[in-house]
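Participant: build me a structure from this.
(one chain, ligands or ions: 2)
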Amino acid sequence: MKDIVRDGNKVLRQQAKKVEFPLSDENKKLAKDLMEYLTVSQDPKLCKKYNLRAGVGLAAPQVGQSKMMASVLVPNDEDESNPIFKDVIINPVILSNSVQRAALTEGEGCLSVDKDIPGFVHRSARITLKYTDVNGKEHTVRLKNYPAIVCQHEIDHLHGTLFYDHINPDDPFDKKDDDIFID
Ligand SMILES: Cc1nc(NNC(=O)[C@H](CC2CCCC2)CN(O)CO)c(F)c(N2CCN3CCOC[C@@H]3C2)n1
Ligand code: NI
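Facilitator: Ligands and ions are numbered 1, 2, ... in the order given. Model (predicted):
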């Protein structure tokens, strides 16, 4: 399994490059590896066996590839076999987003950031996301709350942004009346 690049490596602060279609064999393998990391890391036995940190998303720059590609696997607690969102999003663009914000109650972490950084990461509660899948098919999807947060975290990586960039340094746990918090 590919090594995860840590904060401090400049690749995490670069604007990733658009991916050309049809995918090269190298980019097909990258897409496969990015999703494989998530599926293996979400299997308790395999996660332990390979000593991985579990993940619900992984962006190409985190494995040293400055390309606009990220895997997202948001499981459905009620039905393992039917994830809420599972795809490799290539050249993603957020077409529109709500003013209303959503944040994980627990804050966020990142496989590329070893230290815990407390604070709310307020993101758009609802987004309309356009992306291309590995087969070159374009998708436009409306996401809200948890899957919307995960996709925004990954798309941030493609633009050189890390989760803690969004935390208010003067009041890390700031709130607004209409904020949504997700457990
Ligand atoms: C929320 C969560 N973040 C986990 N890790 N961090 C990540 O995914 C980072 C990306 C997430 C951080 C906040 C938003 C996106 C990786 N990032 O750096 C990529 O850019 C988890 F692992 C996790 N879950 C819940 C679901 N569970 C299913 C069964 O398997 C264990 C798994 C644990 N939930
Ligand atoms: Ni991350």
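Participant: Val72 pairs with what?
Facilitator: Residues in a beta bridge with Val72, per DSSP bridges, are Gly57, Asp87.
Participant: wait, Ala102
Facilitator: Arg123, Ile180.
Participant: wait, it sits on Asp179?
Facilitator: Yes - between Ala102 and Asp179 there is a contact at 7.2 Å, judged by CB atoms under 8 Å. For every residue, glycine as well, the C-beta is placed using N, CA and C.
Participant: what's in contact with the longest helix along the chain?
Facilitator: Longest helix in the chain by number of residues (criterion: DSSP state H): helix 25-41. Defining contact as CB atoms under 8 Å, 6 or more residues apart in numbering, one finds that helix 25-41 is touched by 1-2, 19-20, 23, 46-47, 50, 52-60, 63, 65, 67, 69-73, 86, 88, 90, 134.
Participant: still on that earlier bit, among Ala102 and Asp179, which residue is more densely surrounded?
Facilitator: Higher neighbour count among Ala102 and Asp179: Ala102, with 22 against 14, using other CB atoms under 10 Å.
Participant: follow-up on the earlier one: what residues does the helix or strand that the longest helix of the chain is followed by touch?
Facilitator: Beyond helix 25-41 on the C-terminal side, the first helix or strand identified by DSSP states H and E is helix 44-49. Residues from elsewhere that reach helix 44-49 (CB under 8 Å, 6+ apart): Val40, Ser41, Leu52, Ala54.
Participant: try 6 Å this time
Facilitator: Under the criterion CB atoms under 6 Å, 6 or more residues apart in numbering, residues Val40, Ser41, Ala54 lie in contact with helix 44-49.
Participant: touching ligand 1 at all, it?
Facilitator: No - taking CB under 6 Å from any ligand atom as the criterion, helix 44-49 and ligand 1 are apart, separated by no less than 7.1 Å.
Participant: contacting residues for the residue sitting nearest the centre point of the chain?
Facilitator: The centroid of the chain falls nearest to Glu154 when counting by CA atoms, centre = their mean (2.7 Å). Going by CB under 6 Å, 6+ apart, Glu154 touches Gly57, Ala59, Ala70.
Participant: cool, thanks, signing off.
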